[in-house]
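[1] here you go, sequence then predicted model.
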Amino acid sequence: MMNFLETLLVNQFNNSINLILCDDWKSAAAAGLLGLGIMGGAKASEVPQKPQTAQVQSVQQTDLNPLIDALVQVESNGKANAVGDKGRAKGILQIWDVVVSDVNRIYKTSYVHDDAFDPKKARDIANKYLTFWGKHYTKKTGKAPTYEVYARIWNGGPTGYKKEATVKYWTKVKNILK
């Protein structure tokens, strides 16, 4: 049976990993061991807890495919050759070049904007973009992103979840998800 400190340490490690949602072992080690603060005297009341609402979906547990399917319907009705926003948005997900650049910068990929016309590549770009910015949302807010947060990020950029202008977009996506 674990003592209180061991239990606290294990719970904090799990919470840190879930909150930070690291992609590499160095970050995971830093989050789990260095970021604990327990060895430095953190109190149990200072240990962050996972959100308790049933509607919150963690990034690790969230399957973004149903959401991406809905985004495809809202953005292009599934038309792979769609072009919008005066030529700035391309493919089934109406991807902008800034999104492609962001994904390439973050994941060291080499996508080009015209890859948005390939549905498989477009979905991968969207998945990577949403996953990264969902993790950022979690780090910033301490909450796991929901489909609403992801959809609003897709529509309004990394802080789209804060923008009133993305609420109407979310309503369209939500109606398709039902």
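    Ah, there it is.

[2] which residues touch the closest residue to Val112 other than its chain neighbours?
    Nearest residue to Val112, sequence neighbours excluded (C-beta to C-beta, 6 or more residues apart in numbering): Val100, at 6.9 Å. Where C-beta positions appear, they are placed from N, C-alpha and C, glycine not excepted. Neighbour list for Val100: Tyr111, Val112, His113, Asp115, Ala116, Ile125 [criterion: C-beta atoms under 8 Å, 6 or more residues apart in numbering].

[3] got it, and Ser76?
    Ser76 neighbours (C-beta under 8 Å, 6+ apart): Ala82, Gly84, Gly91, Ile92, Leu93, Gln94.

[4] which ChimeraX command selects the buried ones in these?
    Here is the ChimeraX selection string for the buried members of the contacts of Ser76, based on 16 or more other C-beta atoms under 10 Å:
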select :82,91,92,93,94
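
[5] for Gly142, state which of the contacts of Ser76 is nearest.
    Leu93 (28.6 Å; C-beta to C-beta).

[6] now Thr138: which helix or strand?
    Taking DSSP states H and E as the definition, one finds Thr138 inside helix 119-141.

[7] likewise Thr62?
    Short version: Thr62 belongs to no helix or strand, going by DSSP H and E.

[8] distance check, it against Val167.
    Distance of Thr62 to Val167, given as C-beta to C-beta, to the nearest Å: 20 Å.

[9] what of Ser101?
    Distance from Ser101 to Val167, by C-beta to C-beta: 27 Å.

[10] domain ranges for this structure?
    Taking automatic domain parsing as the reference, the chain has its domains at 4-46, 65-177.

[11] what's the first-to-last distance across the last one?
    Between the opening and closing residues of domain 65-177 there is a gap of 11 Å (C-alpha to C-alpha, to the nearest Å).

[12] burial measure for Gly160, as a count.
    Neighbourhood size, Gly160 [other C-beta atoms under 10 Å]: 20.
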